[in-house]
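Novice: can't give you the sequence, but here's the structure:
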DNA sequence: CTCGCCACAATGTGATCACAATATGCTCGT
DNA sequence: ACGAGCATATTGTGATCACATTGTGGCGAG
């Protein structure tokens, strides 16, 4: 996991949470592996207390799962859960993208284009982790433009749930199966075309879901 | 708030969470009022620790809001937030209802009918709290039939957000403005008709949203 | 009388301890 | 040699303490 920066004293809580969140999205946690409170506390060099708070928050966001024995682990993916996640994403994300559209200014558009290039580069190089991270940043970078207090958190929760699994599959299949579907979205944004943006996002989600579905869901206990 | 039962020692955490959750849905917390950690701890007769966990979970579920000064309060409702909540509900709930439909057995159908009667009775008597509670139980009672690990938590989060506000409005407007829209849903369930169920749920949400929208959003600081 | 400053009270957060529940590894019996 | 039973280690949870930060009330200066 390797703490990327020194812990900030003011918001230690937030910092631990972000570390864990980043580790989840980039797939440093493997589905099924159980997470111990004191373990991450020691690894991050903090006391167990802020880890407790962060873990519980992630459990509340369904990014982690508390198993019956009150152990905390990354939820195992199943075919039905994957299908449900794709459905929820396809319901919420196009709507959120459309709401973000009017608030995408030039600076943000440039950042999105840059992230799209990062996605391409990662795909070309077969860099799994760089791909999932850039892909995540692209989508969220767009959505965050929307002044949304409701839809945005819901979508973030969904991404936290797909993250570890996506990373697992990309690492297994390689990046060859994935194509960049962000071009259409970027063009729609530049044109200010809501309908085409909605379709582009929906297509991107359907596309990714199809690949994941084809990739025979692993047990989740696998390494 | 008045603890309805004695605290269970085994899952004190869960118990406190459920107490707060129930208080939220039934509107015992007023939007804008700030919640103090030691306050509820004393009121529930427990140590501040489980309250910390429960409050943070509710914040993660967006049922509560952590203000900049790290005070915790029920989020103030705004017109835009209300609109977003209605939109999110209308996207997710019909889908969830349809997924629940095949799993509604006779026993559950009877419970739903009973809850519907409770809704009617509450409306007739102008019992605001009984109405919001029965309404909540009706919807969730249906949705919980669906074996959903993704959509269901999202929808629960939405209801936790609408709850306090709905209670506020019902208390202000009285129950006269509200009509029972659950009949159509029940008939669709009995007929096993997915499309009509989807429409019934969508209509119920649109209906409620219209009433709330018409009721000029209060400041949220109001008592 | 009003406004600004200051002391005090209260709050959330992090740390540490104690404990019950659970998992793990070993030993002993067959 | 293998499996059941038990002792030990590990884990999450609740409680309590210490502290930095923030909100609040009162006092005094203008």
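Specialist: Great, that's in hand. What you see is a predicted model; the values in this text were computed from it and never measured.

Novice: for the closest residue to DNA strand D within chain A, what are its contacts?
Specialist: Closest residue of chain A to DNA strand D, CB to the nearest atom of the strand: residue A:37 (2.7 Å). Where C-beta positions appear, they are placed from N, C-alpha and C, glycine not excepted. Applying CB atoms under 8 Å, 6 or more residues apart in numbering or on different chains to residue A:37 gives the contacts A:48, A:51, A:52, A:55, A:72.

Novice: try residue A:52
Specialist: Contacts of residue A:52 by CB under 8 Å, 6+ apart are A:37, B:53.

Novice: and if you look at residue A:97?
Specialist: With contacts defined as CB under 8 Å, 6+ apart, the neighbours of residue A:97 are A:142, A:143, A:185, A:197, A:198, A:201.

Novice: what mean pLDDT does the helix or strand containing it get?
Specialist: In the assignment (DSSP states H and E), residue A:97 maps to helix A:79-100. Average pLDDT, helix A:79-100: 95.

Novice: any buried residues in that helix, and which?
Specialist: Of the residues in helix A:79-100, A:81-82, A:84-100 count as buried by neighbour count, 16 or more other CB atoms under 10 Å in any protein chain shown.

Novice: so what touches stretch A:120-131?
Specialist: A:26-27, A:118-119, A:134, A:167, A:170-171, A:174-176, A:178-180.

Novice: for it, the distance to its chain's centre please.
Specialist: Relative to its chain's centre, stretch A:120-131 lies at 16 Å (CA atoms, centre = their mean, to the nearest Å).

Novice: and the strands in chain A?
Specialist: In chain A, the strands defined using DSSP state E lie at A:34-35, A:65-66, A:72-73.

Novice: so what's the nearest residue to residue A:108 once chain neighbours are set aside up against?
Specialist: Nearest non-adjacent residue to residue A:108, counting by CB to CB, 6 or more residues apart in numbering or on different chains: residue A:145, 5.7 Å away. When contacts are counted by CB under 8 Å, 6+ apart, residue A:145 touches A:100, A:101, A:103, A:104, A:108.

Novice: pretty sure the fourth one contacts residue A:191?
Specialist: It stands for residue A:104. No. Counting by CB atoms under 8 Å, residue A:104 sits too far from residue A:191 to count as a contact (11.8 Å).

Novice: quick one: residue A:116 from residue B:53, how far?
Specialist: Applying CB to CB, to the nearest Å, the value for residue A:116 to residue B:53 is 40 Å.

Novice: my error: substitute residue A:211 in the last question.
Specialist: 38 Å.

Novice: what about these two, which has more around it?
Specialist: The residue with more neighbours, out of residue A:211 and residue B:53, is residue B:53; 19 against 16, by other CB atoms under 10 Å in any protein chain shown.

Novice: what is the burial count for the closest residue to the more buried one other than its chain neighbours?
Specialist: Nearest non-adjacent residue to residue B:53, counting by CB to CB, 6+ apart: residue B:13, 5.4 Å away. Counted with other CB under 10 Å, the neighbours of residue B:13 add up to 19.

Novice: can you check residue A:17 too?
Specialist: Neighbourhood size, residue A:17 [other CB under 10 Å]: 20.

Novice: give me every residue that touches it.
Specialist: Counting by CB under 8 Å, 6+ apart, residue A:17 has contacts A:53, A:54, A:57, A:58.

Novice: show me those that map onto helices.
Specialist: When helices are assigned by DSSP state H, the members of these inside them are A:53, A:54, A:57, A:58.

Novice: pretty sure residue A:146 contacts residue A:95?
Specialist: No. In this structure, residue A:146 is not within contact of residue A:95 by CB under 8 Å, at 9.4 Å.

Novice: quick one: the nearest residue to residue A:170 once chain neighbours are set aside from residue A:89, how far?
Specialist: Distances taken as CB to CB, 6+ apart place residue A:128 nearest to residue A:170, at 4.5 Å, with adjacent residues excluded. Applying CB to CB, the value for residue A:128 to residue A:89 is 21 Å.

Novice: what do you get for residue A:140?
Specialist: According to CB to CB, residue A:140 and residue A:89 sit 13 Å apart.

Novice: for residue A:182, which non-adjacent residue is closest in space?
Specialist: In space, and not counting its chain neighbours, residue A:182 is closest to residue A:116: 4.7 Å by CB to CB, 6+ apart.

Novice: residues in contact with that neighbour?
Specialist: A:138, A:180, A:182, A:183, A:186.

Novice: the fourth one: neighbour count?
Specialist: In other words, residue A:183. Using other CB under 10 Å, residue A:183 has 12 neighbouring residues.

Novice: the one 4 residues further on now?
Specialist: Applying the criterion other CB under 10 Å, we find 13 residues in the vicinity of residue A:187.

Novice: get me the contact residues on chain A for chain B.
Specialist: Proximity of chain A to chain B is confined to A:52-53, A:56-57, A:59-62, A:75, A:80-81, A:84-85, A:87-88, A:91-92, A:95, A:147-151, A:153-154, A:157-158, A:161 under the rule CB under 8 Å from any CB of the partner chain.

Novice: for residue A:29, what are phi and psi?
Specialist: phi -100, psi 130 (degrees, to the nearest 10).

Novice: now do it, the pLDDT please.
Specialist: On the pLDDT scale, residue A:29 is placed at 85.

Novice: ok, it touching residue A:74?
Specialist: Yes. Between residue A:29 and residue A:74 there is a contact under CB under 8 Å: 4.9 Å.

Novice: residue closest to the middle of chain A?
Specialist: The centroid of chain A falls nearest to residue A:159 when counting by CA atoms, centre = their mean (3.8 Å).

Novice: what about residue A:214, how many neighbours?
Specialist: 10.

Novice: compute the distance between it and DNA strand C, please.
Specialist: Counting by CB to the nearest atom of the strand, to the nearest Å, the separation of residue A:214 from DNA strand C is 33 Å.

Novice: for residue A:200, same thing?
Specialist: From residue A:200 to DNA strand C the distance is 39 Å (CB to the nearest atom of the strand).

Novice: for stretch A:41-55, which residues meet the burial criterion?
Specialist: Buried, per 16+ other CB under 10 Å, within stretch A:41-55: A:41, A:44, A:46, A:50, A:51, A:52, A:53, A:54, A:55.

Novice: ends of it, what's the gap?
Specialist: 11 Å (CA to CA, to the nearest Å).

Novice: from the chain's centre, how far out does that stretch sit?
Specialist: Relative to the chain's own centre, stretch A:41-55 is displaced by 22 Å; criterion: CA atoms, centre = their mean.

Novice: let me see the mean pLDDT of it.
Specialist: Mean predicted lDDT for stretch A:41-55 stands at 94.

Novice: now stretch A:213-222
Specialist: The average pLDDT for stretch A:213-222 rounds to 59.

Novice: chain A - how does it break down into domains?
Specialist: Domains of chain A are assigned by automatic domain parsing as A:12-73, A:79-214.
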